[in-house]
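>>> mind folding the following:
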Amino acid sequence: VQLVESGGGLVQSGGSLRLSCAYSGFSLDYYFIGWFRQAPGKEREGVSCISGSDGSTYYPDSVKGRFTISRDNAKNTVYLQMNSLKPEDTGVYYCRSGYGCYASDLMGSWGQGTQVTVSS
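Here you go, the predicted model:
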């Protein structure tokens, strides 16, 4: 099982970024993939999740309406489209696979992540 995040960068407040999570070694049809972020000095938090079996998506209130998670089966990639970015969205973003969307459901370990910095 391997997941590699990419697409982070520096963007102004109100801007957009699209993150990619390229996965290999398993079929997403039977699992979930979630995006998480960790800001400096803060705990890691989930920001979105997608079910591989039926495409259901989940978002916390903090990003609902601004972030969209999607999948491209042909490319074995899950995307996180982030719009209307705010400085508080700054952090390192990670993707993980799991049996569900909660931290206790995760498989494997944390990768290097991709840095997102939103300037005010």
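
>>> sec struct for the residue nearest the centre of the chain, please.
Nearest to the geometric centre of the chain sits Trp35, at 2.4 Å (CA atoms, centre = their mean). Assigned state for Trp35: strand (three-state reduction, DSSP: H, G, I helix; E, B strand; the rest coil).

>>> so it sits right up against Ser70, yeah?
No. In this structure, Trp35 is not within contact of Ser70 by CB atoms under 8 Å, at 11.2 Å. Just so you know, the C-beta spots here come from the backbone N, C-alpha and C atoms, and that holds for glycine as well.

>>> overlap in contacts, those two.
Listed as contacting both Trp35 and Ser70 by CB atoms under 8 Å, 6 or more residues apart in numbering are Val78.

>>> thinking again about what came up before, what bridges to the residue nearest to the centre of the chain?
Ser48, Cys95 (DSSP bridges).

>>> now Ile69
The partner residues for Ile69, given DSSP bridges, come to Leu80.

>>> separation between it and Ser120?
Distance, Ile69 to Ser120, using CB to CB, to the nearest Å: 25 Å.
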